[in-house]
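# I would like the atomic coordinates for the input below:
(one chain, ligands or ions: 1)
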Amino acid sequence: MRNQQLKLKSGLPLIQQVFDAGFEVDSCCGNGFCGMCRVTLTGGAVKYKEEPLAALLPNEIVLCQAIPTTEDIVINI
Ligand code: FES
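Numbering: from 1, shown residues only. Prediction:
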């Protein structure tokens, strides 16, 4: 596991920002249904473009729908 910091852009879904930074993340549907882009959020907060239908644990988010609402986000990819 490595730690890396990204400068987040407000209003952009996290999956786009993670891809732009060169990370590889599994994804499929792009609309919060399949859960393939599920990650654990350990710091910060997000809002969703649309509430995901994927089954998530309380500390999990789907990157394709998540938009950061705090300056710092900590996720485990
Ligand atoms: S790609 Fe399917 S939930 Fe994100």
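
# Tell me which helix or strand in this protein has the weakest average pLDDT.
Lowest on mean pLDDT, DSSP states H and E among the helices and strands of the chain sits strand 74-76, with a mean of 91.

# List of residues touching that strand?
Outside strand 74-76, the residues that touch it by C-beta atoms under 8 Å, 6 or more residues apart in numbering are M1, L14, V39, T40, L41, T42, G43, G44, I61, L63. The way it works is simple: take the backbone N, C-alpha and C, and place the C-beta from them, glycine included.

# can you check stretch 57-67 too?
Contacts of stretch 57-67 (C-beta under 8 Å, 6+ apart): 10-15, 18, 25, 27, 29-32, 35, 37-42, 46-52, 54, 56, 75.

# One more: stretch 13-28?
Looking at what lies outside stretch 13-28 - C-beta under 8 Å, 6+ apart - the contacts are 4, 6, 8-9, 30, 34, 36-37, 39, 46, 49, 61, 63-68, 73, 75, 77.

# so of those residues, which ones are in strands?
V39, V46, I61, A66, I67, P68, I75 (DSSP state E).

# Can you say which two of those are spatially most distant?
V39 and I67 (14.2 Å; C-beta to C-beta).

# For burial, what's the neighbour tally of L63?
26 (other C-beta atoms under 10 Å).
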